[in-house]
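# got a sequence here, can you build the structure:
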Amino acid sequence: MDTISKREIIDRVAHKLDIKRTVVKRVVEKFLDEIVEQLCRDNRVEFRHFGVFKCKHRAARLGHNPRTLERVTVPSQRIVKFKVALHVKSRLAAAVQVKSATSGSGKVGPPRDGSRDGTTRAADGQQATPAKPTKV
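Predicted coordinates for the structure are as follows:
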């Protein structure tokens, strides 16, 4: 899985539309700034066939420090939630089906036992053994 940066997206759009990179960069930055501005105002930002961004308020709660197990108060905060549209969900599902059909393994992600290469982890320097097949 690759990470695509904002810069790469700007470069791709500029190339596809044959527009100067600086113009595309200004548009993308203003677009993102406007989304953040609307979320700061507690507005819901909806893109048809893509998804919805909305701001949620998370109430204050009691938590604990995992190192010391000391109880701490976690203050209330605003978080951004994104709900993906059905159109995007169906395209992602189709892409996964195509990818799994071409790869031949039928697996979508890493094995559930935490290994990355299909073997179980060995303890105390022992050799790794092949992982048992999982039911899908």
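# any buried residues in the lengthiest helix in the chain, and which?
When the chain is parsed with DSSP state H, its longest helix is helix 21-40. Going by neighbour count (16 or more other CB atoms under 10 Å), the buried part of helix 21-40 is 24-25, 28, 39. Placement of C-beta: from N, CA and C, glycine included.
# output the contacting helices and strands for the very next helix or strand once past that helix.
Per DSSP states H and E, the first helix or strand lying C-terminal to helix 21-40 is strand 45-47. Helices and strands touching strand 45-47, by 3 or more CB pairs under 8 Å, 6 or more residues apart in numbering; DSSP states H and E, are helix 21-40, strand 51-58.
# and the helices in this structure?
6-17, 21-40, 86-103.
# let me know which of these is the nearest to Thr68.
In terms of CB to CB, the element of these nearest to Thr68 is helix 21-40, at 34.6 Å.
# neighbouring contacts of that closest one?
6, 9-11, 13-14, 17, 45, 53-55, 80 (CB atoms under 8 Å, 6 or more residues apart in numbering).
# what is the nearest of these to Ala101?
The closest of these to Ala101 turns out to be Ile9 (CB to CB; 27.9 Å).
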